[in-house]
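Colleague: I would like to see how this sequence folds:
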Amino acid sequence: MLVIIIFLCVILLLTIQIQFKGINKLYLSKENTQVLKGIFIIIVFLSHIKGYAEFDSRGDLIVKIILTYLGQLMVAFFLFASGYGILESVKLKGEKYIQNMPKNRIGKTFFDFSLAILLFLGLDIVIGQRYSGQTIVLAFTGWTSVGNSNWYMFAIFTLYLITFISFLVFSHSIELSIISVSILSLLYIYIMSGVKDTWWSDTYLCYMAGMWYSYFKDKIDRWLRKAGTWGWGIAVVLITAGYIYISFYRYTRLFVHNVVAILFCLVLVFLSMKISFKSRILSWCGKNLFWLYILQRIPMILFEHYGISDINSYLYLTICLAGVIVLTIIMDKLTIFLLKKTWWS
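Modeller: Residues are numbered from 1 along each chain as shown. All right, here's what the predicted structure looks like:
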């Protein structure tokens, strides 16, 4: 695992761009957020694969410590960027975007996820794993799993749904729509705290935070332009200090963990005002985040079943990494082809 982290650090060092004067106006552009998401999907891959093979070198133990510290924070920016991106689209396209959300967001995501579930069911047949009919049906919603990562998908489906409902009901007011999303998000974590494990909801409010950041972004940017580098520096120090202090208590309450996750995202956002990375590799990973996230367990499960994880952990890691990349390329092209043949076209 350490080799992957070193490779990631080399990419970051070779592609880093620092803006010494002012702030990068495109700090939350699609290009920049894709790179950040690319960084974290690699971290997620390492977090998942350590559950299938033993990585016990001294360097690997250091990586495990880092992964343990990050915990659910490694997916926090995915939710933040999603909430931010959706509100930016609403601001740009208006009510038409919300009207098309059942098709373009919810429907498209469900279509892709359903194909992934079918792949996992095929894998289950190969390795002799059996699930009940109820488990299989609910797996298409993300409520249960047939070997796939599921909590994040259930969170995304519910977030898209409450966004659609909120902006449909309060179509006359963006402010009321975001408030509705916020209230329903709080209700979600309250309900889920009683029926599911903490990771189902301990970063859920990052999506809401991304929306609020989009709403206030112009004002924040204007203030930063007036405050200059010193103002930016003070803001970074205060947000980072808040994150470090509250992070000591992040496992005491679900709401506290959500606050820590939001502050973590804000640290990344403010740092990206000065620091960016222009990496095609990471940008590709961020662009293909969904497939890299949902498919990565397929080669992990398959090659563990055939004992490769016991032969050599790094051989196993290499094959799994290559496998998920190949699967991602295939599924990306396949879904584009299939969607052209359906009502999405």
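Colleague: any idea which residue sits dead centre in the chain?
Modeller: Closest residue to the average C-alpha location of the chain: Phe78 at 2.7 Å, with C-alpha atoms, centre = their mean.
Colleague: Now for the nearest residue to that residue once chain neighbours are set aside, how many residues are close by?
Modeller: In this structure, Phe78 finds its nearest non-sequential neighbour in Lys37, 6.2 Å apart by C-beta to C-beta, 6 or more residues apart in numbering. The C-beta positions use only the backbone N, C-alpha and C, and glycine is treated the same way. The local packing of Lys37 (other C-beta atoms under 10 Å) involves 25 other residues.
Colleague: Could you export the helix or strand hosting Lys37 as PDB, CA atoms only?
Modeller: Lys37 is located in helix 30-49, with elements delineated by DSSP states H and E. Listed next in PDB are the C-alpha coordinates belonging to helix 30-49 (Å, rounded to 0.1, in the frame of the first residue of the first chain):
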ATOM      1  CA  LYS A  30     -15.300  20.700 -12.200                       C
ATOM      2  CA  GLU A  31     -11.700  20.100 -13.200                       C
ATOM      3  CA  ASN A  32     -10.300  20.900  -9.700                       C
ATOM      4  CA  THR A  33     -12.900  18.900  -7.800                       C
ATOM      5  CA  GLN A  34     -12.400  15.900 -10.100                       C
ATOM      6  CA  VAL A  35      -8.700  15.800  -9.100                       C
ATOM      7  CA  LEU A  36      -9.600  16.000  -5.400                       C
ATOM      8  CA  LYS A  37     -12.100  13.200  -5.800                       C
ATOM      9  CA  GLY A  38      -9.500  11.200  -7.600                       C
ATOM     10  CA  ILE A  39      -7.200  11.500  -4.700                       C
ATOM     11  CA  PHE A  40      -9.800  10.300  -2.300                       C
ATOM     12  CA  ILE A  41     -11.000   7.400  -4.400                       C
ATOM     13  CA  ILE A  42      -7.500   6.000  -4.400                       C
ATOM     14  CA  ILE A  43      -7.500   6.300  -0.600                       C
ATOM     15  CA  VAL A  44     -10.900   4.500  -0.500                       C
ATOM     16  CA  PHE A  45      -9.500   1.700  -2.600                       C
ATOM     17  CA  LEU A  46      -6.600   1.200  -0.200                       C
ATOM     18  CA  SER A  47      -9.100   1.300   2.800                       C
ATOM     19  CA  HIS A  48     -11.200  -1.400   1.200                       C
ATOM     20  CA  ILE A  49      -8.400  -3.700   0.000                       C
END
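Colleague: ok, and for it, which residues are buried?
Modeller: Of the residues in helix 30-49, 32-49 count as buried by neighbour count, 16 or more other C-beta atoms under 10 Å.
Colleague: For that helix, give the mean pLDDT please.
Modeller: Taken as a whole, helix 30-49 carries a mean pLDDT of 96.
Colleague: So which residue of the protein lies furthest out from the middle?
Modeller: The C-alpha centroid of the chain is most remote from Lys226, which lies 32.5 Å away (C-alpha atoms, centre = their mean).
Colleague: What is the burial count for the closest residue to Phe40 other than its chain neighbours?
Modeller: Counting by C-beta to C-beta, 6+ apart, Phe40 lies nearest to Met74, which is 5.3 Å off, once chain neighbours are set aside. A count of neighbours around Met74, defined by other C-beta under 10 Å, yields 21.
Colleague: my read: Met74 touches Ile43, true?
Modeller: Yes: Met74 is in contact with Ile43 according to C-beta atoms under 8 Å; the separation is 4.9 Å.
Colleague: Name the residues contacting each of these two.
Modeller: Here Met74 and Ile43 have Leu67 as joint contacts, going by C-beta atoms under 8 Å, 6 or more residues apart in numbering.
Colleague: ok, the residue nearest to Phe40 to Tyr152 distance?
Modeller: Using C-beta to C-beta, to the nearest Å, one gets 11 Å for the distance from Met74 to Tyr152.
Colleague: With Ile4 instead?
Modeller: Note on Ile4: its distance to Tyr152, by C-beta to C-beta, is 21 Å.
Colleague: that older thread, thinking the residue nearest to the centre of the chain is in contact with Leu289, fair?
Modeller: Yes: using C-beta under 8 Å, Phe78 is in contact with Leu289, at 6.9 Å.
Colleague: which residues are common contacts for these two?
Modeller: What both Phe78 and Leu289 touch, as defined by C-beta under 8 Å, 6+ apart, is the set Lys37.
Colleague: got the contact list for Ser57?
Modeller: Neighbours of Ser57 in contact, by C-beta under 8 Å, 6+ apart: Leu2.
Colleague: hey, where'd the strands end up in the stretch 151-300 of the chain?
Modeller: Using DSSP state E, counting those that start in this stretch, the strands found in the stretch 151-300 of the chain span residues 275-277.
Colleague: which residues of it fall in helices?
Modeller: Ranges of helices in the stretch 151-300 of the chain, per DSSP state H, counting those that start in this stretch, are 151-169, 174-192, 205-247, 254-272, 280-287, 289-295, 297-305.
Colleague: closest to Leu327 out of those?
Modeller: Ranking these by proximity to Leu327 (C-beta to C-beta) places helix 289-295 first, at 4.6 Å.
Colleague: quick one: average pLDDT of the closest one?
Modeller: In this model, helix 289-295 has an average pLDDT of 97.
Colleague: before we move on, what about stretch 174-184?
Modeller: Rounded mean pLDDT across stretch 174-184 is 97.
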